[in-house]
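A.B. asks: Would you be able to build a 3D model of this:
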Amino acid sequence: MNLEALINKYYDQLNSNDLHVISYISQNIELCKDKTVTEIAKYCNVSPSTIIRTTKKLSFDGYSEFRYFLKEEADRIKETKVPNNQYFNSSVILKDVKETIKLFEQDKSLEKIYQLFLESNRIFAYGTGYGQNLMLKEFSRCLLNHNIYLNIIPSKTELELISQTITPNDLLLVASLSGNMKSIDSMIKNIAVRQVPMVSVTVFSRNELAYLANYNLYYQVSNLNKVSQLNNSSFVTLNLVLSLLYEGFINYVRED
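C.D. replies: Residues are numbered from 1 along each chain as shown. Below is the predicted model:
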């Protein structure tokens with residue numbers, strides 16, 4: 001299992017400090033693979049004990065085992081790295097991008113979603129994985145330009161708490177890949193029962209999350225890796241549909 005897959009597997013157990021540490025390490029694997037826990041802690045501006053706790057949340061016995069994993073991860077990346085741009089095939093990503101734009105343009109419920117952004121007392125957003133959460137954070141940053149605050153729900157624990165207090169005057173946006181709700185099924189159903197307006201953002205397929213949501217936004221992902229549940233374009237097109245949603249909302253506000 002690679003680092004990205006581990007992050008997704010244990011995402012609900014990770015707090016903001018854990019995600020900060022993992023984000024730095026994942027972007028600097030070659031640098032970190034030979035460093036001590038103290039050195040990594042200095043890079044991340046946290047304590048060594050924080051690093052150790054984070055590695056244990058990822059199922060490692062301690063930092064020594066994690067560092068060995070990082071060395072293997074660095075070697076794996078080198079082996080799979082494309083040596084020359086001539087081997088890069090952009091046709092799959094381009095197809096996904098075009099299909100995602102087409103799906104968005106065909107959506108008949110966009111104005112209702114835009115109106116919910118303006119009228120809701122509170123707007124919450126939950127990503128079912130690490131990558132989905134990152135895309136939602138970028139979307140949240142964009143909305144702040146227009147004084148709209150998107151409350152990012154950081155983990156399943158907070159989602160459970162919010163599911164008990166969220167009201168029909170609020171709005172929930174849920175970003176997922178497959179729409180599989182195994183780990184959050186009861187919470188999403190409880191929110192739906194409370195008649196809270198819900199917008200799902202998933203791949204174009206029949207899925208339980210889309211079924212429960214009031215409004216559905218879709219993005220296209222081809223050649224999905226069955227092991228990691230990711231491919232080169234999964235976050236590209238998720239980011240695209242959220243960007244389209246933002247641009248559409250801004251134009252809607254200007255015309256209103």
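
A.B. asks: Grab the nearest non-local neighbour of Leu110.
C.D. replies: Here the nearest residue to Leu110 in space, its sequence neighbours aside, is Gly248; by CB to CB, 6 or more residues apart in numbering that works out to 5.7 Å. Using the backbone N, CA and C atoms, a C-beta is placed for each residue, glycine as well.

A.B. asks: List the residues that contact that neighbour.
C.D. replies: Taking CB atoms under 8 Å, 6 or more residues apart in numbering, we find Gly248 in contact with Phe104, Leu110, Tyr114.

A.B. asks: Check these against Ala175 and report the nearest one.
C.D. replies: Within those, distances to Ala175 taken as CB to CB reach their minimum at Phe104, with 14.4 Å.

A.B. asks: which SS class is Leu217?
C.D. replies: strand (DSSP: H, G, I helix; E, B strand; the rest coil).

A.B. asks: Next, the contact list for it, please.
C.D. replies: If a contact means CB under 8 Å, 6+ apart, then Leu217 has Phe104, Asp107, Ile113, Val199, Ser200, Val201, Thr202, Val241, Leu245 as its contacts.

A.B. asks: Make sure I have this right: the last one is in a helix.
C.D. replies: This means Leu245. Yes. Secondary structure assignment places Leu245 in a helix (three-state DSSP).

A.B. asks: and it, how many neighbours?
C.D. replies: When neighbours are counted by other CB atoms under 10 Å, Leu245 registers 23.

A.B. asks: Give the other helices and strands that the least confident helix or strand in the chain by mean pLDDT contacts.
C.D. replies: Ranked by mean pLDDT, DSSP states H and E, the helix or strand of the chain with the weakest confidence is helix 3-9, at a mean of 81. For helix 3-9, the packing partners by 3 or more CB pairs under 8 Å, 6 or more residues apart in numbering; DSSP states H and E come out as helix 16-27, helix 63-80, helix 130-144.

A.B. asks: for it, which positions count as buried?
C.D. replies: Leu3, Glu4, Leu6, Ile7, Asn8 (16 or more other CB atoms under 10 Å).

A.B. asks: element containing the residue nearest to Leu110?
C.D. replies: Following DSSP states H and E, the helix or strand that holds Gly248 is helix 234-255.

A.B. asks: okay, that helix in PDB with CA atoms only?
C.D. replies: Only the C-alpha atoms of helix 234-255 are listed here, as PDB (Å, rounded to 0.1, in the frame of the first residue of the first chain):
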ATOM      1  CA  SER A 234      -9.600  12.100 -10.400                       C
ATOM      2  CA  PHE A 235      -8.700  15.300  -8.500                       C
ATOM      3  CA  VAL A 236      -8.300  17.200 -11.700                       C
ATOM      4  CA  THR A 237     -11.900  16.800 -12.600                       C
ATOM      5  CA  LEU A 238     -13.200  17.200  -9.100                       C
ATOM      6  CA  ASN A 239     -11.300  20.500  -8.900                       C
ATOM      7  CA  LEU A 240     -12.800  21.400 -12.300                       C
ATOM      8  CA  VAL A 241     -16.400  20.800 -11.300                       C
ATOM      9  CA  LEU A 242     -15.900  22.900  -8.100                       C
ATOM     10  CA  SER A 243     -14.300  25.600 -10.100                       C
ATOM     11  CA  LEU A 244     -17.200  25.600 -12.600                       C
ATOM     12  CA  LEU A 245     -19.600  25.800  -9.600                       C
ATOM     13  CA  TYR A 246     -17.700  28.800  -8.200                       C
ATOM     14  CA  GLU A 247     -17.600  30.600 -11.600                       C
ATOM     15  CA  GLY A 248     -21.300  29.900 -12.200                       C
ATOM     16  CA  PHE A 249     -22.200  31.200  -8.700                       C
ATOM     17  CA  ILE A 250     -20.200  34.400  -9.200                       C
ATOM     18  CA  ASN A 251     -21.900  35.100 -12.600                       C
ATOM     19  CA  TYR A 252     -25.300  34.300 -10.900                       C
ATOM     20  CA  VAL A 253     -24.700  36.900  -8.200                       C
ATOM     21  CA  ARG A 254     -23.600  39.500 -10.700                       C
ATOM     22  CA  GLU A 255     -26.800  39.100 -12.700                       C
END
